[in-house]
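S.K.: Turn this into a model:
(chains A, B and C)
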Amino acid sequence: MTALADALSALDYAAVAVFGATGALAAARRKHDIVTFGFFAAVTGVGGGTLRDLLIGAPVFWVGRPTYLAVTLAAAIAVWIFGWGRWRERILTWLDALGMAAYAIVGTLKALSFGVPPFSAIVMGVLTSTFGGIIRDVLAEEPSVLLKREIYVSAALVGATAFVGLRLADLAILPASLAGAALAFATRAGAIIFRWSLPGFPGRAPQQGPN
Amino acid sequence: MTALADALSALDYAAVAVFGATGALAAARRKHDIVTFGFFAAVTGVGGGTLRDLLIGAPVFWVGRPTYLAVTLAAAIAVWIFGWGRWRERILTWLDALGMAAYAIVGTLKALSFGVPPFSAIVMGVLTSTFGGIIRDVLAEEPSVLLKREIYVSAALVGATAFVGLRLADLAILPASLAGAALAFATRAGAIIFRWSLPGFPGRAPQQGPN
Amino acid sequence: MTALADALSALDYAAVAVFGATGALAAARRKHDIVTFGFFAAVTGVGGGTLRDLLIGAPVFWVGRPTYLAVTLAAAIAVWIFGWGRWRERILTWLDALGMAAYAIVGTLKALSFGVPPFSAIVMGVLTSTFGGIIRDVLAEEPSVLLKREIYVSAALVGATAFVGLRLADLAILPASLAGAALAFATRAGAIIFRWSLPGFPGRAPQQGPN
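M.R.: Residues are numbered from 1 along each chain as shown, chains lettered A, B, ... in the order given. Below you'll find the model as predicted:
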């Protein structure tokens, strides 16, 4: 189990760093200063996991272990220093897909370990892997993944659901995690390469809502 | 008390469903895909109660009982399938008014039962019944009820205040709840039918703020 | 210690009132009604401290002591009644700087007293003093301080860092607090008077992000 715990922990930091870098990228796009870089990197890096921990009643993971914040700040500084070329963006898209896949599983697993029912645990996995980016987009006043009809939330959902299904079928944590993460990543990869998207609402759309 | 508890529970699910449907509606307006429908329905349906539970230190109500999420997803699917005609929107406006009235009381009651002082309990009632819609509007990039000068937050405020006042005057829970909810609903109904609105700030308005 | 506690408590209420007034100002700018005034004042006044308390696992400070909410509502009513002249805005800019400086220290101190590690405690101080304003701007659909490249978050950061540094160097709470708050205030004052700003990201900025 120690090797697994170590692997999970490494994945965890890697995902925080990657998400942090996407936050710094949002800041770079608008030519923000280094403090805003740090703020966006931190919010994006730890935002999803923070919401998950608040919802399941766990101590918020980064408060007692500030290394997580340090990692997001390092990501912000790296983006600041190395700038942002076209190829770096392609790399980040793929790292982000990896981070999303890892987080969908890590988030679901943590929720299950806190006694959260399977269905809610899937939601926690999806939130962990997507909410940081959603807060980033709201703060940066950019259209969020929610509004883009891209396969992103769906990929996290597919991976977390598969993971929970395999766990309910009594598969061990390690293979179930790998299968779930692989499925999430493959779904996202297909969306990136083949520009998959889900069909939009086919019905008549009203212009004014109920309130 | 069991009949009351059952009635409250039924109201609770009904309100979650209605709010979920208004979330799906926001997604429909922009032709989003089914996953975003579900996301918006869930956030709108349980968002207000989630904030309330975090603030009063209660376990978040839907995490341990995922039926609530299932109800919001059912609402999302219903909106997707049955589409959105003009008359359905009218129905939803009224259901939303009912949901708001119910939630203002349910939220206040829960806060009181957690030992929250009356004034804060009123705020919890207002948050429970309005915050889901506010998050929905921020995420959907639509002007929120806050920015529309409609009588909505005010109706929840009036109902929750009346409920707390009646409880402080030692009225039993059931009649106090009914009176509070009726007042909230009547206020909202008046706003819908007669287009009531509060007067806006009459003073000179600055263009630039302090920071 | 009682004098210190009293002074801190007075500062606390003063900061909540000032932040509340900036929230009401945001409502005034758009000619909102009195209920929205109150909502914005409350969210801005207690928002930062609320997030801090949720993150460090403390009971949310205003829920059990509703005087805080009453203070924000009083601020909202004051802005409504006295309107908003040019000179009042100047006063508020400076009061806001004082509030920010006070809150950066109060937030850090509270986090430290809950056993939060120094680095995270600094982040809590920064969040306490800036997040209320950020939520206000998101809800009011105005560009937040985050997006303005003004020295604001940075001033809180400088003050909180100095405070933690002095505490780690075993300085007593009172002088460390005063020094930290003075530094935060001086930094912000310089930014207001001399229009200091941090340099923006110098690199090439991409137009499209990774997701």
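S.K.: Any buried residues in the helix or strand hosting A:Ala101, and which?
M.R.: Under the criterion of DSSP states H and E, A:Ala101 resides in helix A:86-113. Residues A:88, A:92-93, A:95-112 are the ones in helix A:86-113 that count as buried (16 or more other C-beta atoms under 10 Å in any protein chain shown). Just so you know, the C-beta spots here come from the backbone N, C-alpha and C atoms, and that holds for glycine as well.
S.K.: before we move on, what about stretch A:58-68?
M.R.: In stretch A:58-68, counting by 16+ other C-beta under 10 Å, buried: A:Ala58, A:Val60, A:Phe61, A:Trp62, A:Val63, A:Pro66, A:Tyr68.
S.K.: How about the fourth one: what's its closest non-neighbour residue?
M.R.: It stands for A:Trp62. Distance criterion C-beta to C-beta, 6 or more residues apart in numbering or on different chains; nearest residue to A:Trp62, sequence neighbours excluded, is A:Tyr68 at 3.8 Å.
S.K.: returning to what we had before: now the buried residues of stretch A:58-68 in CSV, with secondary structure?
M.R.: Output for these, formatted as CSV (DSSP: H, G, I helix; E, B strand; the rest coil):
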residue, secondary structure
A:Ala58, coil
A:Val60, coil
A:Phe61, coil
A:Trp62, coil
A:Val63, coil
A:Pro66, coil
A:Tyr68, helix
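S.K.: between the one helix or strand in chain A whose mean pLDDT sits lowest and helix A:86-113, how many degrees?
M.R.: Each helix and strand of chain A was given a mean pLDDT (mean pLDDT, DSSP states H and E); the minimum falls on helix A:2-29 at a mean of 83. Relative orientation of helix A:2-29 versus helix A:86-113 (axes from the mean of the first three to the mean of the last three C-alpha atoms, to 10 degrees): 130 degrees.
S.K.: Could you name the helices and strands sitting against the helix or strand following helix A:2-29?
M.R.: Counting by DSSP H and E, the element after helix A:2-29 in chain order, helix or strand, is helix A:34-56. On a contact count with 3 or more C-beta pairs under 8 Å, 6 or more residues apart in numbering or on different chains; DSSP states H and E, helix A:34-56 meets helix A:2-29, helix A:67-82, helix A:86-113, helix A:118-139, helix C:153-168.
S.K.: Tell me which of these sits most buried.
M.R.: Most buried of these by mean neighbour count (mean count of other C-beta atoms under 10 Å in any protein chain shown) is helix A:118-139; its value is a mean of 25.
S.K.: CA-only coordinates of that one, as PDB, when you get a sec.
M.R.: Extracted in PDB, the C-alpha atoms of helix A:118-139 (Å, rounded to 0.1, in the frame of the first residue of the first chain):
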ATOM      1  CA  PRO A 118     -21.100   5.900  -4.300                       C
ATOM      2  CA  PHE A 119     -23.300   8.300  -6.300                       C
ATOM      3  CA  SER A 120     -22.200  11.400  -4.300                       C
ATOM      4  CA  ALA A 121     -18.600  10.100  -4.500                       C
ATOM      5  CA  ILE A 122     -18.700  10.300  -8.300                       C
ATOM      6  CA  VAL A 123     -19.900  13.900  -8.000                       C
ATOM      7  CA  MET A 124     -17.000  14.700  -5.700                       C
ATOM      8  CA  GLY A 125     -14.600  13.200  -8.200                       C
ATOM      9  CA  VAL A 126     -16.100  15.400 -11.000                       C
ATOM     10  CA  LEU A 127     -16.000  18.500  -8.800                       C
ATOM     11  CA  THR A 128     -12.400  17.900  -7.700                       C
ATOM     12  CA  SER A 129     -11.300  17.700 -11.300                       C
ATOM     13  CA  THR A 130     -13.300  20.500 -12.800                       C
ATOM     14  CA  PHE A 131     -14.200  23.100 -10.200                       C
ATOM     15  CA  GLY A 132     -10.800  24.700  -9.900                       C
ATOM     16  CA  GLY A 133     -11.000  25.500 -13.600                       C
ATOM     17  CA  ILE A 134     -14.600  26.800 -13.300                       C
ATOM     18  CA  ILE A 135     -13.600  29.200 -10.500                       C
ATOM     19  CA  ARG A 136     -10.600  30.300 -12.600                       C
ATOM     20  CA  ASP A 137     -12.800  31.100 -15.600                       C
ATOM     21  CA  VAL A 138     -15.400  33.000 -13.500                       C
ATOM     22  CA  LEU A 139     -12.700  35.100 -11.800                       C
END
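S.K.: what about it and chain B, touching?
M.R.: Yes: shown here: helix A:118-139 in contact with chain B (C-beta under 8 Å from any C-beta of the partner chain) through A:Pro118, A:Phe119, A:Ser120, A:Val123, A:Ile134, A:Val138.
S.K.: which regions of chain A lie under the pLDDT threshold?
M.R.: A:1-2, A:4, A:84, A:86-87, A:145-147, A:149, A:204-211 (pLDDT under 70).
S.K.: what about 50?
M.R.: A:209-211 (pLDDT under 50).
S.K.: In space, what's closest to the residue nearest in space to the middle of it - neighbours in sequence excluded?
M.R.: In chain A, the residue lying closest to the centroid (C-alpha atoms, centre = their mean) is A:Ser129, at 2.5 Å. Residue nearest to A:Ser129 in three dimensions, not counting chain neighbours: A:Tyr103, with 3.7 Å by C-beta to C-beta, 6+ apart.
S.K.: With A:Ser177 instead?
M.R.: Using C-beta to C-beta, 6+ apart, the closest residue to A:Ser177 is A:Ile105 (5.0 Å).
S.K.: Touching, the one you found and A:Gly125? I think so.
M.R.: Yes: with contact defined as C-beta atoms under 8 Å, A:Ile105 counts as touching A:Gly125 (6.6 Å).
S.K.: if I look at A:Asp12, how far off is chain C?
M.R.: 17 Å (C-beta to the nearest C-beta, to the nearest Å).
S.K.: Do I have it right that that residue meets A:Leu109?
M.R.: No: no contact is recorded between A:Asp12 and A:Leu109 when judged using C-beta under 8 Å, the distance being 10.7 Å.
S.K.: any idea how far B:Ile151 is from the nearest residue to A:Phe82 once chain neighbours are set aside?
M.R.: Of all residues not flanking A:Phe82 in the chain, A:Arg88 sits nearest, at 7.1 Å (C-beta to C-beta, 6+ apart). In this view, A:Arg88 and B:Ile151 are 51 Å apart by C-beta to C-beta, to the nearest Å.
S.K.: rewinding a little: out of the residues of helix A:118-139 next to chain B, which comes closest to chain B?
M.R.: For these, the closest approach to chain B (C-beta to the nearest C-beta) belongs to A:Phe119, at 3.9 Å.
S.K.: Now do the same contact list for that closest one.
M.R.: Listed by C-beta atoms under 8 Å, 6 or more residues apart in numbering or on different chains, the contact partners of A:Phe119 are B:Pro66, B:Leu69, B:Ala70.
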